[in-house]
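Peer 1: sharing a model prediction with you, sequence too.
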Amino acid sequence: MQFDRELDVKGLNCPLPILRTKKALSEMTSGQVLRVLATDANSAKDFQAFAKQTGNELLVTAEIDQVFEFFFKRK
């Protein structure tokens, strides 16, 4: 999937991945896509709730070798 910016939050635990994602998205323009890489086991649940609360669209969620990959579309 094409993306405009990447954020690596591997090794960080909640709430840091969410806070850094929120900051990164705030620096982007509407419609841009952010790719987030995380290792926190709860990140899938956390990012789904984050998307619902903020209105940013969670496009794709995947896990490869214990690294979670999320694609957010900026609202």
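Peer 2: Arrived safely, thanks for sending.

Peer 1: list of residues touching stretch 68-75?
Peer 2: With contacts defined as CB atoms under 8 Å, 6 or more residues apart in numbering, stretch 68-75 is touched by 1, 3, 21, 25, 28-40, 43-44, 47, 51, 54-63. From N, CA and C alone the C-beta is placed, and that goes for glycine too.

Peer 1: again, but for stretch 4-11
Peer 2: 16-17, 20-21, 24, 28, 32-40, 67.

Peer 1: quick check: mean pLDDT across that stretch?
Peer 2: For stretch 4-11, mean pLDDT rounds to 98.

Peer 1: buried residues in that stretch?
Peer 2: Buried residues in stretch 4-11, counted by 16 or more other CB atoms under 10 Å: 7, 9.

Peer 1: would you map the strands across this protein?
Peer 2: Assigned by DSSP state E, the strands in the chain fall at 5-8, 33-38, 57-64, 67-73.

Peer 1: for the longest one, name the packing helices and strands.
Peer 2: When contacts are defined as 3 or more CB pairs under 8 Å, 6 or more residues apart in numbering; DSSP states H and E, strand 57-64 sits against helix 43-54, strand 67-73.

Peer 1: show me what the longest one is packed against.
Peer 2: For helix 43-54, the packing partners by 3+ CB pairs under 8 Å, 6+ apart come out as helix 16-26, strand 57-64, strand 67-73.

Peer 1: tell me which of those is the most buried.
Peer 2: When the helices and strands packed on helix 43-54 are scored by mean count of other CB atoms under 10 Å, the highest mean neighbour count falls to strand 67-73 (a mean of 19).

Peer 1: what mean pLDDT does that one have?
Peer 2: pLDDT averaged over strand 67-73 gives 98.

Peer 1: that older thread, of all the helices and strands packed on strand 57-64, which lies closest to residue 12?
Peer 2: Closest approach to residue 12 among the helices and strands packed on strand 57-64 (CB to CB): helix 43-54, 9.3 Å.

Peer 1: same question for the closest one: list its buried residues.
Peer 2: Neighbour-count burial for helix 43-54 [16+ other CB under 10 Å]: 43, 46, 47, 50, 51, 54.

Peer 1: was I right about the last one contacting residue 22?
Peer 2: Yes. The pair formed by residue 54 and residue 22 meets the contact definition of CB atoms under 8 Å, at 7.1 Å.
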